[in-house]
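Undergrad: have a look; sequence and predicted model below, questions after that.
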Number of protein chains: 2
Amino acid sequence: MKIFIFTMLAILGFIDVFGQTASAQADPLPSWNDGVTKQSIVEFVAKVTKKRSPDFVPIAERIAVFDNDGTLWAEQPTYFQGLFALDRVRALAPQHPEWKNTQPFKAVLENDMKAFAATGLQGISELLRATHSGMTTEEFNRTVKEWLATARHPKFNRPYTDLVYQPMLELLAYLRANGFKTFIVSGGGIEFVRTFSEQSYGIPSEQVVGSVIKTKYELRDGKPVLVRLPELVFIDDGAGKPVGINSYIGRRPIAAFGNSDGDFEMLEWVTTGTGPNFGLLVHHDDAVREFAYDRTAATGKLDRGLDEASKRGWTLVSMKNDWNRIFR
Amino acid sequence: MKIFIFTMLAILGFIDVFGQTASAQADPLPSWNDGVTKQSIVEFVAKVTKKRSPDFVPIAERIAVFDNDGTLWAEQPTYFQGLFALDRVRALAPQHPEWKNTQPFKAVLENDMKAFAATGLQGISELLRATHSGMTTEEFNRTVKEWLATARHPKFNRPYTDLVYQPMLELLAYLRANGFKTFIVSGGGIEFVRTFSEQSYGIPSEQVVGSVIKTKYELRDGKPVLVRLPELVFIDDGAGKPVGINSYIGRRPIAAFGNSDGDFEMLEWVTTGTGPNFGLLVHHDDAVREFAYDRTAATGKLDRGLDEASKRGWTLVSMKNDWNRIFR
């Protein structure tokens, strides 16, 4: 009889099969060093999930939003989506002999990043048109997936999807195990991020918010397709992030994770709501294992966030000191 | 000992507590009359959920999309959001004495729907500006909720949220019990629909797609708010529905439910994908219990859908014959 009672308790989750009580489980955040940073996360999760706590939050309201570039994966020497666009120009160049003499393509093909930068917004817009529009959504997704499967990061010589941060993967899993629904809220293209969000982060496409290019529904040989047009209809960055969250999620998250001033308003929006909330910024201060950059960075600038994190009660992560492992 | 084995099997779901096998449960669609319509739904669900079936669909891909007006709740004499706008004009009129002599407000205040119709798109745009913009998202949501709590439908003299269709509630629950994620894809305003989607349909705000008004993030007395601006940035109707689905959900659903030609492209998009899929149109043919309208209706016109449903393999629901109950 005893063995049956034991088995039933195990099935019901009151004890695990090793006979320990469920609360004494393994550390869910092993890549995070012990200290105030890790403690702030664990304490927040504990208080919002504890029934009868004044800070208890029902499961439906446990929404956590994560920036992608620089928060879930690396973003140097520039956004990986930008590197994808540059690679696409090189791949498509044989079909466009005129690019040899047209900016910004000439600069890209000659690897002259200074000349490319000089083409400014007009150059970026041209690059976007040539590499991100004019195809169906399915064709675009396939192209991105092929690139992710073959391209290598210039510094680490590893696939880009290897450069996701192990501590953040643990954090995502930890939050989900505690009833949170995790969303990406990225300045990057929503369809670009979706090509790897499920596999890399366990985040399904319907939980990805990002910048949006215009698409048009049309029939090709009687088959419907969505065609990507050269027009950005929504930029999910800065003050656009709360707008995107409201449009796609429709409620105020209680936790926000970012790394740059492009995430400032997202954290502000989340941490000024009523009820318990949590804001966290990842500070890239590890030149040895990854990159060190902040106030003056061209990509992922973190300036105002560094100044205000403390007074706003946001947790500031030192990658160097708080993470014992960087990549998965 | 026997009682323990019995209890454990019950806990594990192999038998229910009445001793029946789990497969012989009560009809999950009691408001649907037996017949080919109901059968088409049940057979589709059975084949995509049966492991080792050639039509098996993994849970993550079981996405079902529902139009709202005329599919999940009634839409006559016109869209309920339109009736909300008219009621708002009446409520706000004392603060706008000039409306007595300005169209389209004059027509609304005089209940002259012919004169209102004559103001055309310009009139609707003015109405939208006056009733749907110029406030924060929180203020708007509160106003809609107050209206839903107090307003009554002109024909049925019941709150609008009483006019959701019981058979569709059962269908939503049935799909969810079979691993589907259910989404609303409405031509109505996304924030309007979200004020009741959770309570009325069990659909959380992050699973609502709809038409989108521009919002702006700003600080008021140091507190961030989102302000609704008088500009529609996305119309989620007709060919806009596949666009909205792609933007918000990011994958092709396998089942789509609508009732008007505004849902045509959504059903087309869903039922021309590879793999098993299902399309259904609700035909309003019950003048006694609800309304009868289709090819010439000003609201919820169903013309092309009626012609093509059969050849496209879409299920056509006769409210009169297929539903033994209309409202919840």
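TA: All right, it came through fine. Numbers count the residues shown, from 1 in each chain, chains lettered A, B, ... in the order given.

Undergrad: please tell me how far the residue nearest the centre of chain A sits from chain B.
TA: Centrality entry for chain A: nearest residue to the mean C-alpha point is residue A:68, 1.6 Å, by C-alpha atoms, centre = their mean. Distance, residue A:68 to chain B, by C-beta to the nearest C-beta, to the nearest Å: 14 Å. Every residue, glycine included, has its C-beta placed from N, CA and C.

Undergrad: repeat for residue A:241
TA: Taking C-beta to the nearest C-beta as the measure, residue A:241 falls 8 Å from chain B.

Undergrad: on the three-state scheme, that residue is what?
TA: Following DSSP: H, G, I helix; E, B strand; the rest coil, the label given to residue A:241 is helix.

Undergrad: count the residues that sit near it.
TA: Neighbours of residue A:241 under the rule other C-beta atoms under 10 Å in any protein chain shown: 29.

Undergrad: wait, it touches residue A:260, no?
TA: No - when contacts are counted by C-beta atoms under 8 Å, residue A:241 is not listed as touching residue A:260 (11.1 Å).

Undergrad: what do the two both touch?
TA: Residues touching both residue A:241 and residue A:260 (C-beta atoms under 8 Å, 6 or more residues apart in numbering or on different chains): there are none.

Undergrad: state the helix or strand in which whichever residue of the stretch 51-200 of chain A sits closest to chain B lies.
TA: The minimum distance from the stretch 51-200 of chain A to chain B, using C-beta to the nearest C-beta, falls at residue A:194 (4.9 Å). For residue A:194, the host element (DSSP states H and E) is helix A:190-201.

Undergrad: quick check: mean pLDDT of that helix?
TA: The pLDDT scores in helix A:190-201 average 98.

Undergrad: so how far is it off the chain centroid?
TA: The chain centre lies 9 Å from the centre of helix A:190-201; the measure is C-alpha atoms, centre = their mean, to the nearest Å.

Undergrad: neighbours of the residue lying closest to the residue of the stretch 51-200 of chain A closest to chain B once chain neighbours are set aside, how many?
TA: Nearest residue to residue A:194 in three dimensions, chain neighbours excluded: residue A:205, at 4.4 Å (C-beta to C-beta, 6 or more residues apart in numbering or on different chains). Residue A:205 is flanked by 20 other residues according to other C-beta under 10 Å.

Undergrad: show me what from the stretch 101-250 of chain A comes close to chain B.
TA: Contact residues (C-beta under 8 Å from any C-beta of the partner chain) of the stretch 101-250 of chain A with chain B: A:137, A:181, A:183, A:190-191, A:194, A:198, A:204-208, A:212, A:215-217, A:223-224, A:226, A:233-234, A:239-240, A:242-243, A:246-250.

Undergrad: any idea which helix or strand carries residue A:65?
TA: Taking DSSP H and E as the criterion, residue A:65 maps to strand A:63-66.

Undergrad: may I have the strands that pair with that strand, each with its orientation?
TA: Using DSSP bridges, the strands paired with strand A:63-66 are strand A:181-189 (parallel), strand A:255-258 (parallel).

Undergrad: next, format the ones you listed as CSV and append mean neighbour count.
TA: Listed next are the strands paired with strand A:63-66 as CSV, based on neighbours: other C-beta atoms under 10 Å in any protein chain shown:
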stretch, mean neighbour count
strand A:181-189, 24
strand A:255-258, 29
